[in-house]
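Asks: A structural model of the following input is requested.
(one chain, ligands or ions: 1)
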Amino acid sequence: MKRIGVMTSGGDSPGMNACVRAVVRTGLARGLEVYGIFRGYEGMIAGEIEPLKANSVSNILQKGGTVLKTARSEAFKTVEGRVRAAEQLKMHGIEGLVVIGGDGSFRGAMALEAEHGIRCMGCPGTIDNDLYGTDNTIGYDTAVNTVVQAVDKIRDTANSHDRLFIVEVMGRDAGFIALRSGIATGAEAVLIPETVTYIPELIDLLERGWQRNKSSAIVIVAEGDDAGGAYQVAEKVKEKFNRYDIRVTVLGHLQRGGSPSALDRILASRMGHGAVDALLAGRTSEMVGVVNNNITYTPFDKATKHHMEVSPYLLELVQVLSS
Ligand code: ADP
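Replies: Below you'll find the model as predicted:
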């Protein structure tokens, strides 16, 4: 293998740039040529492909977003789209690919490998931490830190006014951001898609807090919770509970941006480095992960089909520590 490509795809996450840098610098250190594919699969089809040198990735380690840009591509989901994408890769002499993205991006890489024999390794870049085969995904730690900073500020105003804040965080299918930030901010309750939410139980808990003179309460809701988003939860709580003035904050896209945390920079650097070495060792169609501090490789079909389980221990921790 002489030439590899690197791309970012799907939703962006902080630390993607650190991963791109690691792929480029490791590739060059191993004597490979490294090409950047811009705007995900959409740019691959359009031939937006350029050689990257060591200094092409200078000063990006600490930046949020992705310098390679990212996109979603309907065309790539079709057989013809992937034929055009593979033609571009072949025209540029690219024999191996590192895809930094989420489960959709890995499903795309799987199809590219199966249909056109392009060797692909994946690095999990998503704030949601919803992939099987790694303890953390790139961007998750930064997103949790962003939520924690925001909720700390909300807590100040909640305390001053005796308010209940329902804070919505990202996580359509996974409650990892909600759970971790809930522990770190001392949230009174965390509502996540993995468990069934009972509003009467939530109200009981809030009532007990009020009886114990709690001057504020924070409930963190993952956007995909079965009770609905923060506004719906607030409506349902309001019907039966009026001890506090209730306010809603939806944190939204600010959770995706910002300079990556040290943890995400290190994770991304290790994963990018690991992906290049895996390609050189002949591996393909696998996601690089870090489990118990060791680099691991998980086949794409497994990484995309399964979720890491939400830890009952962490759920209990929220309940006990906020009581
Ligand atoms: P993420 O990688 O963050 O999960 P998406 O689910 O949007 O983001 O996937 C990114 C891109 O990957 C899609 O726009 C599409 O081009 C490609 N993709 C997703 N699923 C498939 C699939 N089943 N087959 C081929 N390509 C896919």
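Asks: from here on, just use CA atoms for contacts and neighbour counts.
Replies: Noted.
Asks: pretty sure residue 152 is in contact with residue 184, am I right?
Replies: No. Residue 152 is beyond contact range of residue 184, at 9.5 Å (criterion: Cα atoms under 8 Å).
Asks: between those two, who's got more neighbours?
Replies: Set residue 152 next to residue 184 and count neighbours by other Cα atoms under 10 Å: residue 184 wins out with 17 against 14.
Asks: mind listing the helices for this protein?
Replies: With DSSP state H as the criterion, the chain has helices at 16-29, 40-46, 79-91, 103-116, 140-161, 176-185, 199-211, 230-240, 262-280, 300-305, 312-321.
Asks: tell me the most buried of those?
Replies: Mean neighbour count (mean count of other Cα atoms under 10 Å) peaks for helix 16-29 among the helices of the chain, with a mean of 26.
Asks: tilt between it and helix 262-280?
Replies: 40 degrees (axes from the mean of the first three to the mean of the last three Cα atoms, to 10 degrees).
Asks: let me know the pLDDT of the residue nearest to residue 159 when sequence neighbours are not counted.
Replies: Excluding the flanking residues, the one nearest residue 159 by Cα to Cα, 6 or more residues apart in numbering is residue 216, at 4.9 Å. Note for residue 216: predicted pLDDT of 93.
Asks: can you check the one 3 residues further on too?
Replies: pLDDT recorded at residue 219 is 98.
Asks: please name the bridge partners of it.
Replies: Beta-bridge partners recorded for residue 219 (DSSP bridges): residue 166, residue 189.
Asks: who touches residue 120 in this structure?
Replies: Residue 120 sits next to 96-99, 109-110, 113, 279, 284-286 when contact means Cα atoms under 8 Å, 6 or more residues apart in numbering.
Asks: that one and residue 50, how far apart?
Replies: 18 Å (Cα to Cα, to the nearest Å).
Asks: and for residue 309?
Replies: Residue 309 sits 39 Å away from residue 50, going by Cα to Cα.
Asks: of all the helices of the chain, which lies closest to residue 57?
Replies: Evaluated over the helices of the chain, closeness to residue 57 peaks at helix 16-29, with 5.3 Å, by Cα to Cα.
Asks: is the closest one positioned near the ligand?
Replies: No. Helix 16-29 lies out of reach of the ligand by Cα under 6 Å from any ligand atom, never closer than 11.8 Å.
Asks: just checking, what packs against that helix?
Replies: Contact here means 3 or more Cα pairs under 8 Å, 6 or more residues apart in numbering; DSSP states H and E; on that basis helix 16-29 packs against strand 3-8, strand 33-37, strand 96-101, helix 262-280.
Asks: could I get the ones you listed as JSON lines with distance to residue 210 and mean pLDDT?
Replies: Below are the helices and strands packed on helix 16-29 laid out as JSON lines (distance: least, Cα to Cα, whole Å; pLDDT from 0 to 100):
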{"stretch": "strand 3-8", "distance to residue 210": "47", "mean pLDDT": "98"}
{"stretch": "strand 33-37", "distance to residue 210": "55", "mean pLDDT": "98"}
{"stretch": "strand 96-101", "distance to residue 210": "43", "mean pLDDT": "98"}
{"stretch": "helix 262-280", "distance to residue 210": "37", "mean pLDDT": "98"}
